[in-house]
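> Next input, structure requested:
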Amino acid sequence: MPASPTRQRATGRVTLADVALAAGVSPITVSRALRGERAVDPALVERVRAATAKLGYVPDPAARALASQRSTHVAVLIPMLSNELFVSLLEAVQASMRRAGYQTLIGVTHYDPGEEEQLLREQLLHRPAGLLVTGFDHTEATLQLMARSGVPCVHLMETSGDKSVYSVGFSQSDAAADLTRHLIGRGRRRIAFAAAQLDPRTLQRREGWRQVMRCEGLFDPTLEWMNPAPSSMALGGLLFEQIMGQTPAIDAIFFCNDDLAQGALLAANRMKVRVPQRVAVVGFNDLTGSDLMLPPLTTVHTPLTRIGEEAAGLLLKLMRREAVTQHSVDVGYKVVVRQSS
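Model prediction:
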């Protein structure tokens, strides 16, 4: 008895063979038609599409990768989805990858190197064509997994002088140093550094602030306000209230992220503290709304979309085994001076 055109595996999943039987063509013709190969007769393509729609067939990318020895997805590991910073970057990566025929498989590490290691192990089971990971703060096991997998990898948000490492980002410490110099140039001397989350990039910003403060003879450990809690506007308001009670008085506050600085400006309005007359307030990353605060926030603009596009482009070259002339792409940054300083 001939097989039913709607027969399925025990799992209930419609297979490529089911579509071929329903369309009256070979499985290889179905595969070629679904890939959009021009050599397939248009009439056969229509029959395959009709059978696919009728049966509800969904291609299995894992099976396709095994058959072709070529994966169609890229693994992306980022610290947070709730952070606007990484959402903007992800959108740029996904748009670039989709245009090139790749899908993104996202893993959220929550700034935990151990969690990143576990996510990487899981992602590698799917045989990704490439990897995008955030920064360089990885466990030894993660570094070994990336090296042994043979999967091309690009690091995001930071740069490296190591010729064996591919990266796209900018110098967090240099950007922080330039912002600190701006405050000193405006006559500020008691400049507090307020930070949350305390991830590696935050600590690099602190180092840039420290270097300038020490060089100017202004460094004082009591000016550092480090809170490991997640960064938020609410925490920024709380930090502002605490810092403003410090003696001797603070005349500027460098917040490590714009959401903290935005919360501080709201707190200043509630407390009737004049910004920048009484105290200057600056942030980092130029997040949405910073230019609309009262007063508008001075910050460091970081080109997140460009980081995503450049990283995707570099990874595509590596996956295609094309020549790469620049291992580390520095996209730069810009100190955006507004009325809060």
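> which residues does the most centrally placed residue in the chain contact?
A centroid search over the chain (CA atoms, centre = their mean) returns Phe86, at 3.9 Å, as the residue closest to the centre. Residues near Phe86 by CB atoms under 8 Å, 6 or more residues apart in numbering: 78-80, 134. (Each C-beta comes from the backbone N, C-alpha and C, glycine too.)
> For the stretch 151-300 of the chain, just list every one of the helices.
Secondary structure of the stretch 151-300 of the chain (DSSP state H, counting those that start in this stretch): helices at 172-185, 200-215, 233-243, 258-271.
> Would you mind getting the angle between the last one and helix 233-243?
Looking back up the chat, that one is helix 258-271. Inter-element angle recorded for helix 258-271 and helix 233-243: 60 degrees (by axes from the mean of the first three to the mean of the last three CA atoms, to 10 degrees).
> Return the set of buried residues in helix 258-271.
Within helix 258-271, the residues that count as buried by 16 or more other CB atoms under 10 Å are 258-268.
> With the third one instead?
Counting neighbours by 16+ other CB under 10 Å, one finds that the buried residues in helix 233-243 are 233, 235-240, 243.
> Could you do the longest one as well?
When neighbours are counted by 16+ other CB under 10 Å, the buried residues of helix 200-215 are found to be 200-206, 208-213.
> Could you tell me how many residues sit around Arg320?
The burial count assigned to Arg320 is 10, neighbours taken as other CB atoms under 10 Å.
> swap in Leu44?
Neighbours of Leu44 (other CB under 10 Å): 17.
> tell me which element it falls in.
Using DSSP states H and E, the element containing Leu44 is helix 42-55.
> Identify all contacting residues around that helix.
Counting by CB under 8 Å, 6+ apart, 5-6, 14, 18-19, 22-25, 29-30, 33-34, 57 sit against helix 42-55.
> sorry, back to before: I'd like to know how far the residue nearest to the centre of the chain sits from Leu203.
Phe86 sits 18 Å away from Leu203, going by CB to CB, to the nearest Å.
> helix or strand right after the strand or helix carrying the residue nearest to the centre of the chain?
Phe86 is located in helix 84-99, with elements delineated by DSSP H and E. Remark: after helix 84-99, the chain's next helix or strand is strand 103-108, criterion DSSP H and E.
> and the angle from whichever helix or strand comes after that next one to strand 103-108?
Using DSSP H and E, the helix or strand that follows strand 103-108 in sequence is helix 113-124. Per the same axes, to 10 degrees, the angle that helix 113-124 makes with strand 103-108 is 160 degrees.
> which residues are contacting the next helix or strand along the chain from helix 113-124?
Next in sequence after helix 113-124, counting helices and strands by DSSP H and E, comes strand 130-134. Under the contact criterion CB under 8 Å, 6+ apart, strand 130-134 has outside partners 74-79, 86, 93, 102, 109, 116, 120, 123, 146, 149, 151-157, 311-312, 315-316, 318-319.
> who's in contact with Arg306?
Taking CB under 8 Å, 6+ apart, one finds 92, 331 in contact with Arg306.
> still on that earlier bit, so which of the helices of the stretch 151-300 of the chain is nearest Arg127?
helix 200-215 (28.9 Å; CB to CB).
> For that closest one, which helices and strands make contact with it?
helix 172-185, strand 191-196 (3 or more CB pairs under 8 Å, 6 or more residues apart in numbering; DSSP states H and E).
> Now do the shortest one against helix 172-185: the angle between them, please.
This points to strand 191-196. 140 degrees.
> beta partners for Ala194?
Trp225, Phe255 (DSSP bridges).
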